[in-house]
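[1] build me a structure from this.
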Amino acid sequence: ANVNLKPSQKELLLWHQKFDHCDMQRIQSLCVDLDGHPQIIVPKEKRVSSCVRPLCATCQFANQGRRSPEVKINLPIKPPALRAGDLHPGSRVSLDQYMSSVHGRLPNTKGKEKTSKKFTGGTLFYDHASGHIFLVHQVSLRTGETLQAKSKYEKFMMSHGNEVKAYHADNKPFGDDAFVKAVEDDGQVLTFSGVGAHHQNAVAERAIWTVTYWTRAAMLHSIIHWPDSANVELW
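    Numbering: from 1, shown residues only. The predicted model follows:
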């Protein structure tokens, strides 16, 4: 109902909401034939792929972060490209783990299990070549469940005709002897970021932020647009 938006911008905003607040630049790329890839979205308005991207109120709320008033923003020195040379899916995959202070219930329960049996976090896999993100939620972040997550990811990659050849991760917890041995037994290469140099695994760190941001946006969208619905209780 915003009279300041053009019809093409309104439709772009609707697609943005339909795809769980995926970034609009990516949505616009799906509206055209790009480098031989077929058009995924066929919009009603012709200029959806080229119009000025409107602001989304939900995303503005979800993107807010806590910052001290004295913090100064400096432009960082651009590091070497972490994904340079990784041209095929599986050539190199970045690993990282995420934690949640709010425990999540298992998919096969009604949420009545003990807190110690609920999800506490998981492992994220980020393929350098395709940018594909794969998540495996875990009850424990110990090596045993992390190896199970690795197995699930590799089965997924094999189902699409790809083989994981190398991993890149932080020393903790992926430097555990059991994990290193499992990687070596599978004929894969495992490299680590330097001590205290989390920026060397920036692609995985950024992927975790992206997933968290999209989840927050989806939750806020439900609260803003349907405040009296059952979706709020679900969140």
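[2] so who does the closest residue to residue 47 other than its chain neighbours touch?
    Take residue 47 and drop its neighbours on the chain: the residue closest to it by C-beta to C-beta, 6 or more residues apart in numbering is residue 8, 4.1 Å away. In short, each C-beta sits where N, CA and C put it, glycine included. Counting by C-beta atoms under 8 Å, 6 or more residues apart in numbering, residue 8 makes contact with 43, 45-48, 51.
[3] can you tell me which one of those sits lowest on pLDDT?
    Sorting the contacts of residue 8 by pLDDT puts residue 46 at the bottom of the list (88).
[4] SS state for that one?
    Three-state assignment for residue 46 (DSSP: H, G, I helix; E, B strand; the rest coil): coil.
[5] residues in contact with it?
    By C-beta under 8 Å, 6+ apart, the neighbours of residue 46 are residue 8.
[6] check residue 120 too.
    Residue 120 neighbours (C-beta under 8 Å, 6+ apart): 99-100, 103, 138-141.
[7] among the residues you listed, name the buried ones.
    Neighbour-count burial (16 or more other C-beta atoms under 10 Å) applied to the contacts of residue 120 gives 103, 138-139, 141.
[8] any idea which element residue 220 lies in?
    Using DSSP states H and E, residue 220 maps to helix 202-225.
[9] all strands of the chain, in order?
    Counting by DSSP state E, residue ranges of the strands within the chain are 93-104, 119-127, 133-138, 166-169, 189-192.
[10] okay if I get those strands as JSON lines plus mean pLDDT and distance to residue 159?
    Formatted as JSON lines, the strands of the chain follow (pLDDT from 0 to 100; distance: least, C-beta to C-beta, whole Å):
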{"stretch": "strand 93-104", "mean pLDDT": "89", "distance to residue 159": "15"}
{"stretch": "strand 119-127", "mean pLDDT": "93", "distance to residue 159": "14"}
{"stretch": "strand 133-138", "mean pLDDT": "93", "distance to residue 159": "12"}
{"stretch": "strand 166-169", "mean pLDDT": "92", "distance to residue 159": "19"}
{"stretch": "strand 189-192", "mean pLDDT": "91", "distance to residue 159": "22"}
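[11] can you tell me which of the buried ones among the contacts of residue 120 lies closest to residue 161?
    Closest to residue 161 out of the buried ones among the contacts of residue 120 is residue 138 (26.8 Å), distances taken as C-beta to C-beta.
[12] so the closest one makes contact with residue 123?
    Yes - using C-beta atoms under 8 Å, residue 138 is in contact with residue 123, at 6.5 Å.
[13] give me the common contacts of those two.
    Joint contacts of residue 138 and residue 123 (C-beta under 8 Å, 6+ apart) are 146, 149.
[14] ok so, going back, so which of the contacts of residue 8 is the most crowded?
    Neighbour count (other C-beta atoms under 10 Å) singles out residue 48 as the most crowded of the contacts of residue 8, with 26 neighbours.
[15] distance check, that residue against residue 57.
    The spacing between residue 48 and residue 57, counted by C-beta to C-beta, to the nearest Å, is 20 Å.
[16] returning to that earlier point: do you know how far the residue nearest to residue 47 is from residue 217?
    Noted for residue 8: a distance of 22 Å to residue 217, by C-beta to C-beta.
[17] what of residue 59?
    Going from residue 59 to residue 217 by C-beta to C-beta gives 6 Å.
[18] now for the two: what residues contact both?
    Both residue 59 and residue 217 are in contact with residue 21, where contact means C-beta under 8 Å, 6+ apart.
[19] where along this structure do the helices fall?
    For the chain, the helices defined by DSSP state H occupy 7-18, 24-29, 57-62, 143-159, 171-174, 177-185, 202-225, 230-234.
[20] quick one, the fourth one and strand 119-127 angle?
    Okay, so that is helix 143-159. 40 degrees (axes from the mean of the first three to the mean of the last three C-alpha atoms, to 10 degrees).
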